[in-house]
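Q: Pasted the sequence and its predicted model underneath.
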Amino acid sequence: IGCLDGHAGRLVFGMLKGKPCVCMQGRFHLYEGYAIQKITLPMRIFSLLGVETVILTNAAGGLNQDFKVGDIMIMKDHINMPGFAGNNPLAGPNDDRFGVRFPCMSDAYDRELQQLAVDVGQELGYGDFLREGVYCVLGGPSFETIAECRMLHNLGADAVGMSTVHEVIVARHCGMRVFAMSLITNKSVMDYDSEEKANHKEVLETAQHRAVQLQKLVSTMVARMEFNNTNA
Ligand SMILES: O=P(O)(O)O[C@H]1O[C@H](CO)[C@@H](O)[C@H]1O
C-alpha cells in the first residue's frame, strides 16, 4: 500500500456494522512510479478473498464551478485520460480467470449504490454538500495548469484527481460492484486572474475536516447494503 503523505499504508480487516470488511488505508498511484498493473493488484486480491462490493474514495479538485471545497461528489462516471494513451490496467494478455477481454464500462458505477448514498446522505443531513458528477483521472504528480482545467471541464469532467479509475476498471473486470466518491478538497484554478494555487496541504486539511462525515456515510451505507456472498 502506498505510504506517502496522507496514505497510512495499512490493510485493515474487521467487521463494520456486522459485515466482514477489508479496508485499504492508502493506495498506490501512477505518479509513485509503479506499473499500472501493480497499482490495481489489490482489487484482484479482494476479488479472490470473496469481496463483492468495493467502495472507493478519493480527494479531488473541483472543476465544476458550482462545487465548493468540502463537497462530497458521488461518482456517476469517469474519464480515463491515461487510458486514452494506452495506459490501461487491463492492457497485456487477458487473464480469463478474472474477466473478459473487453469489459463494459458504461455500467461501472452501480446505480443502486448511488441511490443508496443519496438516500443515506439526505437522512444524515448531508444534502447541502452531497453532489454527483464525472471524475477525470490524470497521471500526476503535478497539479493541472489553468488551460488543462478548462479543457477537462469542457470535456465534461466535474472533478479531477490521480487515482481510483484504474482500480474501478480492474474491480469491474472481475465482477465486483463499485461505488466511488470524491471529496472536493480544492477548487481547480480556471482563471488567469486567480491567486489560488492547488496544494497538497489544503487537500489534507479538507480531508481531515470532512473525515467524520465521510466515515458516517460509508458505515451507514454498509449497514444498509444487502449481503449476498455466494462464496460463504
Ligand atoms: O486520489 P487520492 O489518493 O485520494 O489523492 C489525491 O490527492 C493527492 C494530491 O493532493 C493525489 O494522490 C490525488 O490522487
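A: Thanks, I have the structure now.
Q: looking at the protein, which residue lies furthest from center?
A: The centre of the chain is farthest from one residue, residue 193, which by CA atoms, centre = their mean lies 30.6 Å away.
Q: Look up how far the ligand lies from that one.
A: 24 Å (CB to the nearest ligand atom, to the nearest Å). Just so you know, the C-beta spots here come from the backbone N, C-alpha and C atoms, and that holds for glycine as well.
Q: Equivalent analysis for residue 202, please.
A: 8 Å.
Q: if we can go back for a sec, report the secondary structure state of the residue farthest from the centre of the chain.
A: coil (DSSP: H, G, I helix; E, B strand; the rest coil).
Q: got a pLDDT number for it?
A: At residue 193, the model reports a pLDDT of 94.
Q: got the phi/psi numbers for it?
A: phi -90, psi -10 (degrees, to the nearest 10).
Q: hang on, residue 183 is in a strand, isn't it?
A: Yes - Residue 183: assigned to a strand according to three-state DSSP.
Q: from what I can see it touches residue 211, true?
A: No - the criterion here is CB atoms under 8 Å, and residue 183 misses it with residue 211 at 9.1 Å.
Q: Tell me which of those two has more neighbours.
A: residue 183 (25 against 11; other CB atoms under 10 Å).
Q: can you pull the contacts of the closest residue to residue 150 other than its chain neighbours?
A: Excluding the flanking residues, the one nearest residue 150 by CB to CB, 6 or more residues apart in numbering is residue 190, at 5.8 Å. Taking CB atoms under 8 Å, 6 or more residues apart in numbering, we find residue 190 in contact with 63, 65, 146, 149, 150, 153.
Q: backbone phi and psi for residue 60, please?
A: phi -150, psi 160.
Q: Across the sheet, point out what pairs with it.
A: Beta-bridge partners of residue 60, counted by DSSP bridges, are residue 184.
Q: got a list of what it touches?
A: 73, 135, 159, 160, 161, 182, 183, 184, 185.
Q: now do residue 140
A: Taking CB under 8 Å, 6+ apart as the test, what residue 140 contacts is 29, 30, 31, 162.
Q: From those, pick out the ones that also neighbour the ligand.
A: By CB under 6 Å from any ligand atom, the members of those lying near the ligand are 29, 162.
Q: Using CSV, lay out the contacts of residue 140 together with pLDDT.
A: Shown next, in CSV, are the contacts of residue 140 (pLDDT from 0 to 100):
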residue, pLDDT
29, 96
30, 97
31, 97
162, 98
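Q: Taking the contacts of residue 140, please make a ChimeraX selection of just the buried ones.
A: Applying 16 or more other CB atoms under 10 Å to the contacts of residue 140 leaves a buried subset, and the ChimeraX line that selects it is:
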select :29,30,162
